[in-house]
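Asks: Return atomic coordinates for the entry below.
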Amino acid sequence: MKSRKFDITPDIRLLVDIGEANYEVPQAISELIANSMDARKDEQRVKVDVEINDEFISITDNGKGMTEQILAEALRLAAQMDSVTGNTKARKGMYGLGLKAACASLGKHWEIVTRPPQDTNQYSVEIDLSKWLKKQDRKNWEVEVKSEKFSRGEGLIGQLEHGTCIKISNLKENFLMVTAVIEKLGMAYKPHLEVGDEITVNKSPVTPKTFTLVENRRYEIDIEINGHKVTG
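Replies: A predicted model of the protein is given here:
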């Protein structure tokens with residue numbers, strides 16, 4: 001009996017194809033903010049600034065940022081980030097698919113800049129999916145992470161002591177409903193907003209979604225789902 005080994009590294013087009021998932025703009029932005037909430041530093045309140053215009057979408061947070069190694073791992077498909085970061089707390093994502101899928105669904109050009117606390121450097125990576133697909137080696141998944149001296153007040157993370165900014169341009173959609181994004185975030189992050197975390201969209205604060213209970217609208221529930229009975 002003979003056997004041969006074959007390299008089954010996915011074609012680089014996979015990084016583009018994951019953006020074809022059925023993500024709407026509010027969902028994709030919400031997914032990226034989930035990463036910001038997971039990156040909370042100690043017990044600090046998370047502050048996320050979202051900017052949306054015809055040219056780009058950016059999400060900037062005051063989380064604990066990423067080291068050079070962690071930033072590179074965050075771009076690897078199916079990376080188990082808890083094993084990289086040493087995180088033992090419950091997370092909103094487990095396999096690191098959210099960042100790549102969300103960015104790819106929003107636009108073709110991504111720029112990520114990040115800085116951990118007390119680090120004199122900031123780390124950045126830039127991905128242009130149009131150039132990515134022009135690689136001659138279809139199995140070349142290498143990305144270049146740049147390291148440079150942090151200069152307060154300059155660049156995407158500006159005055160932040162630590163944090164991350166993700167900026168997506170060459171957008172798939174030119175007309176973006178900012179109100180729909182605000183509504184989605186107010187619903188998705190209602191518990192966070194109620195305990196002091198802050199999210200702004202184009203400088204306007206996102207407020208927790210409120211629900212109005214209507215009298216005499218009580219309905220009895222008695223259904224069975226996958227062998228489980230639900231009543232109430």
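Asks: what comes up buried for stretch 45-59?
Replies: Val46, Lys47, Val48, Asp49, Val50, Glu51, Ile52, Phe56, Ile57, Ser58, Ile59 (16 or more other CB atoms under 10 Å). All C-beta spots, glycine's among them, are computed from the backbone N, C-alpha and C.
Asks: next one: stretch 147-164
Replies: By 16+ other CB under 10 Å, the buried positions in stretch 147-164 come out as Phe150, Gly155, Leu156, Ile157, Leu160, His162, Gly163, Thr164.
Asks: Any chance of these in TSV with distance to Asp7, pLDDT and secondary structure as columns?
Replies: Shown next, in TSV, are those (distance: CB to CB, whole Å; pLDDT from 0 to 100; DSSP: H, G, I helix; E, B strand; the rest coil):
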residue	distance to Asp7	pLDDT	secondary structure
Phe150	39	85	coil
Gly155	38	79	coil
Leu156	36	84	coil
Ile157	38	86	coil
Leu160	41	90	coil
His162	39	95	coil
Gly163	38	96	strand
Thr164	33	97	strand
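Asks: hmm, which two among the buried residues of stretch 45-59 are most spread apart?
Replies: The largest separation in the buried residues of stretch 45-59, counting by CB to CB, is between Val46 and Phe56 at 21.9 Å.
Asks: SS state for the spatially most central residue of the chain?
Replies: Centroid check for the chain by CA atoms, centre = their mean gives Leu32 as the closest residue, at 2.1 Å. Assigned with DSSP: H, G, I helix; E, B strand; the rest coil, Leu32 falls in the helix class.
Asks: And for the one 5 residues further on?
Replies: With three-state DSSP as the basis, Met37 sits in helix.
Asks: Please look at it and Gln44 and confirm they touch.
Replies: No. Assessed by CB atoms under 8 Å, Met37 is found out of contact with Gln44, at 11.6 Å.
Asks: Looking at those two, which is more packed in?
Replies: Set Met37 next to Gln44 and count neighbours by other CB atoms under 10 Å: Met37 wins out with 17 against 13.
Asks: That one and Tyr23, how far apart?
Replies: Separation of Met37 from Tyr23 (CB to CB, to the nearest Å): 18 Å.
Asks: all helices of this structure, in order?
Replies: 14-17, 25-38, 68-74, 81-85, 97-106, 129-132, 178-188, 190-194 (DSSP state H).
Asks: Could you pull up the mean pLDDT of the fourth one?
Replies: Looking back up the chat, that one is helix 81-85. The average pLDDT within helix 81-85 is 52.
Asks: Likewise for the longest one?
Replies: Taken as a whole, helix 25-38 carries a mean pLDDT of 93.
Asks: I'd like to know which elements that helix is packed against.
Replies: strand 47-52, strand 56-61, helix 97-106, strand 163-171, helix 178-188 (3 or more CB pairs under 8 Å, 6 or more residues apart in numbering; DSSP states H and E).
Asks: mind running it again at 6 Å?
Replies: helix 97-106, helix 178-188 (3 or more CB pairs under 6 Å, 6 or more residues apart in numbering; DSSP states H and E).
Asks: Quick check: which of the ones you listed is buried the most?
Replies: Mean neighbours per residue, mean count of other CB atoms under 10 Å, is largest over those for helix 97-106, with a mean of 22.
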